[in-house]
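J.: Give me a 3D structure for the following:
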Amino acid sequence: MVVATTRATCFFDYTCGYSYRAWRWLSELAGVEVDWRTASLKELDRRDGEPSVFDEREQPRRSVLALALAHAARSSGHFERFHRATFHAMHAEQRMLGAQDLFDIAAGAGMDVAAFREKTGVWVDAAAAEHRAAVETWGVFGIPTLVLSEDVAVFLKFSEPPAAGEDARRVWESVHVLAVSHPELLEIKRPVR
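T.: Numbers count the residues shown, from 1 in each chain. A predicted model of the protein is given here:
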């Protein structure tokens, strides 16, 4: 019998609705600690020959800016507040956030936005490095990707997050059984009707 872990890493992008749904699900799992790590959906979808989304270090596009701010928030102890507020604004409120909106969310989370602006390129580089590590180490090709152990990672998408409580727990345990016990299972996909 597979026992579900109480720790996981989740690679996410704030602009991704599937990442938001995974965050809502994982946030409801009592006793499960999640290490949130950044990966850029736009970079994963970039075609050969196109410039990297991380090349615009000093004035990054909003998706990269949000990931860079997440790194700064993590380093300053404000990650949870920034993370929750950014996901909520982008998905629950369905706001199209610009740079100033993201800076306002960061300030509301307690971050020093002026200090961030002085080192924007450093934080963009941190997001780029974490993205590259996700691809090189785990083969991340889509997000959200959950790392459940040192040799098991799975990409998953929810149309809606599982209900809180026991339903969320059952899904967590089921994902573990499939991912850990059946490494030969590469993909489950429902036909759209």
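
J.: Quick check: mean pLDDT of the lengthiest helix in the chain?
T.: Determined from DSSP state H, the single longest helix within the chain is helix 120-138. For helix 120-138, mean pLDDT is 97.

J.: and the helix or strand following it, which strands flank it?
T.: Following helix 120-138 in sequence order, the next helix or strand is strand 145-149 (DSSP states H and E). Counting by DSSP bridges, the strands paired with strand 145-149 are strand 7-12 (antiparallel), strand 152-155 (antiparallel).

J.: Return the list of helices and strands in contact with the longest helix of the chain.
T.: The contact analysis (3 or more CB pairs under 8 Å, 6 or more residues apart in numbering; DSSP states H and E) places helix 120-138 against strand 33-38, helix 62-76, strand 145-149. Where you see a C-beta, it was placed from the backbone N, CA and C, and this is true even at glycine.

J.: Can you mark which positions in the first one are buried?
T.: Pointing back at strand 33-38 there. Buried positions in strand 33-38, judged by neighbour count with 16 or more other CB atoms under 10 Å: 34, 36-38.

J.: One more: the shortest one?
T.: For strand 145-149, burial by neighbour count (16+ other CB under 10 Å) applies to 145-148.

J.: Where is pLDDT lowest across those residues?
T.: Ranking those by pLDDT puts Leu148 at the bottom, with 92.

J.: Perfect, that will be all.
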